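Chemist: here is a sequence with its predicted model. Questions after.
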Amino acid sequence: MEIVFLIFILVLSIFLGFELISKVPATLHTPLMSGANAISGITLAGAFLASGMVDNEMGKYLGTAAVAFATVNVVGGYLVTDRMLGMFKSKKAGGK
Amino acid sequence: MSIELLANLSYIVSAALFIFGLKMLGSPATARRGNLFSSLGMLIAVVAGLTAEGIVSYEYIAAGMVLGAIVGALAARLVAMTSMPEMVALFNGSGGAASLLVGWATLYGGDVQVFTAVTILLAILIGGLTFTGSLIAYAKLAEVMNSAAIVFKGQRIVNSLILVGIVYAAYMFCLDPQPDSQWLYVTLGLALLLGIMAVIPIGGADMPVVISLLNSYSGIAACAAGFAINNNILIVAGSLVGASGIILTNIMCKAMNRSLANVLFSGFGAVKQGKAIEGEVKPVSVEDAYYLFEAASNVCFVPGYGMAVAQAQHVVKELGEILEANGCEVSYAIHPVAGRMPGHMNVLLAEADVPYEQLVEMDDINPRIENVDIAVVIGANDVVNPSAREDEDSPIYGMPIINVDQARTVFVLKRSMASGFSGVDNPLFFGENTRMLFGDAKESISGVISEFG
């Protein structure tokens, strides 16, 4: 039954995702993409479970590598998006 | 209240923050705050994840996080705006790799049900293909490898064999899901190979599609990892990203008037060549260009990937300001697939501080292109190629373009007469009203600016 609930969540989120993004102006496509990419670093939350819970050496190494990759994704993704959006903003304030 | 319940409640909060964040990314005024919201959501999810029941050792986690944070922060800070497509490709790849590894590590957690085995395999498969696909995309974008489409005889057969191999190996693995199963390694290897094979036949000009597609995959991979470890925030966030990537992919395909299948499976440029073009190109000197600029009252810049390569965005903006001071109307027309990723040109012009109001989209500029005295094409080629409108045999026929050839005068800034990434000849260069300004775009424009000086 739990599987059904998870699939339920999946389907609703996909629809929500389509609704949310369908009207983003072309100007913001790059920040949107890198911002969304940062969100996909959510795997980090899963990587904790994998690296912290398993008491097998191999599993631990894999989990730790997963944590590292996901953190790159999260930290890098958000920072670079913020940097880009900062440029968009300064133009709005100073350009007019 | 149990810790688990608390963690799940925090997941709801962070899912809501992700949704708000994405929503706010849709408008320039709120985008930055949106990104902040979404990162706050991530922080909450991460903290909640850390408190999860059963985590016994934090040393490994800490080591991984410190390493990842340093790499990510440095990369985000140091990358040049012109290299943004490569950066995004690499981040996509690391997201894919993370999902792959989570799936794999989960196998070591004890006995695995068949459904879980399937989701683990999906995480490994999609994650692996995202990882190598992104690396190839990176290599092509950074010009480490030839960015043209690589096609060879029997490519489809090889790819089909890989797919069949994956399905078979995956099936064998699911019969007896053990972490040291040889079928696991076969699946993993084939998934990595598939990522490479999927991206090499895609040419440089199609990169915006690939990048958005890989972005979507990295979300779907996270989603699969979520199923593998029964975690709903991974599923929600992953599918949001997956859906947004698909939408972007779709927008990019529409802008090229091609189907996704066409982009993915037919190496662009490998298709038949359109009519040969005859005529004479008319070069113009920087000095003559200056006289024309000086007299113009409406100038429209049309940037392309070449502007990114020449790092010309700042001088372009400077010239734009000088022209404005000269009483000229200045605009920047941006084609949806100009550059190497969605919105690439917008980012560069934003970096150079070009006012937002001067950026116009293709559909806005085309109806009034006839009033433009000078259209300045800077390192763009296919997106201004009139063949797309006129020559039914051309491989890019039907793609919407910016009709610069209908402007009173067109300046084309170009290094040499080589054709664009698609390998298609461009009749624009031979047009009656076209003047070619050969040389490095940045130097040419600086030359014009110093004439004004």
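Modeler: Sure, I can see it. These numbers were taken from a predicted model, which means no experiment stands behind them.
Chemist: so what's the backbone phi/psi at residue B:176?
Modeler: Backbone dihedrals for residue B:176, given as degrees, to the nearest 10, come out at phi -150, psi 80.
Chemist: ugh, wrong one, residue B:353
Modeler: According to degrees, to the nearest 10, residue B:353 has phi 70, psi 30.
Chemist: I'd guessed it sits against residue B:318; true?
Modeler: No - using C-beta atoms under 8 Å, residue B:353 is not in contact with residue B:318, being 10.1 Å away. Where C-beta positions appear, they are placed from N, C-alpha and C, glycine not excepted.
Chemist: got the contact list for the residue nearest the centre of chain A?
Modeler: The residue lying closest to the centre of chain A (C-alpha atoms, centre = their mean) is residue A:39, at 1.3 Å. Residue A:39 sits next to A:77, B:18, B:21, B:22, B:38, B:42, B:219, B:237, B:240, B:241 when contact means C-beta atoms under 8 Å, 6 or more residues apart in numbering or on different chains.
Chemist: for residue B:262, state which of these is nearest.
Modeler: Checking the contacts of residue A:39 against residue B:262 by C-beta to C-beta gives residue B:219 as the nearest, at 23.4 Å.
Chemist: give me the pLDDT value at that closest one.
Modeler: pLDDT recorded at residue B:219 is 93.
Chemist: ok, residue A:91 next?
Modeler: pLDDT for residue A:91: 49.
Chemist: where does residue A:44 fall, secondary structure wise?
Modeler: helix A:43-53 (DSSP states H and E).
Chemist: and that helix, how far out from the chain middle?
Modeler: Centroid separation for helix A:43-53 versus its chain: 15 Å, with C-alpha atoms, centre = their mean, to the nearest Å.
Chemist: cool, stretch B:426-434 as well?
Modeler: Relative to its chain's centre, stretch B:426-434 lies at 29 Å (C-alpha atoms, centre = their mean).
Chemist: now stretch B:86-97
Modeler: Put simply, stretch B:86-97 sits 11 Å off its chain's centre (C-alpha atoms, centre = their mean).
Chemist: which of the contacts of residue A:39 fall in helices?
Modeler: Among the contacts of residue A:39, the ones falling in helices (DSSP state H) are A:77, B:18, B:21, B:22, B:38, B:42, B:219, B:237, B:240, B:241.
Chemist: quick check: closest non-adjacent residue to residue 84.
Modeler: Let's take chain A. Distance criterion C-beta to C-beta, 6 or more residues apart in numbering or on different chains; nearest residue to residue A:84, sequence neighbours excluded, is residue A:31 at 4.9 Å.
Chemist: can you look at chain B instead?
Modeler: Nearest residue to residue B:84 in three dimensions, chain neighbours excluded: residue B:347, at 5.9 Å (C-beta to C-beta, 6+ apart).
Chemist: tell me what whichever strand or helix holds the one you found is packed against?
Modeler: Taking DSSP H and E as the criterion, residue B:347 maps to helix B:344-351. Secondary-structure packing of helix B:344-351 (3 or more C-beta pairs under 8 Å, 6 or more residues apart in numbering or on different chains; DSSP states H and E): helix A:29-39, helix A:77-95, helix B:84-106, strand B:298-303, helix B:305-310, helix B:313-325, strand B:329-334.
Chemist: wait, residue B:372 sits on residue B:407?
Modeler: Yes - between residue B:372 and residue B:407 a contact is recorded at 4.2 Å, counting by C-beta under 8 Å.
Chemist: now for the two: what residues contact both?
Modeler: With contacts taken as C-beta under 8 Å, 6+ apart, residue B:372 and residue B:407 have residue B:300 as neighbours in common.
Chemist: tell me where the model's unsure across chain A.
Modeler: For chain A, applying pLDDT under 70 flags the ranges A:1, A:52-55, A:89-96.
Chemist: let's see that with 90 instead.
Modeler: A:1-6, A:9, A:17-34, A:45-64, A:84-96 (pLDDT under 90).
Chemist: A helix includes residue B:394, no?
Modeler: No - counting by DSSP: H, G, I helix; E, B strand; the rest coil, residue B:394 falls outside a helix, being coil.
Chemist: show me the contacts for the residue nearest to residue B:446 when sequence neighbours are not counted.
Modeler: Excluding its sequence neighbours, the residue lying closest to residue B:446 (C-beta to C-beta, 6+ apart) is residue B:315, at 5.3 Å. Residues near residue B:315 by C-beta under 8 Å, 6+ apart: B:442, B:445, B:446, B:449.
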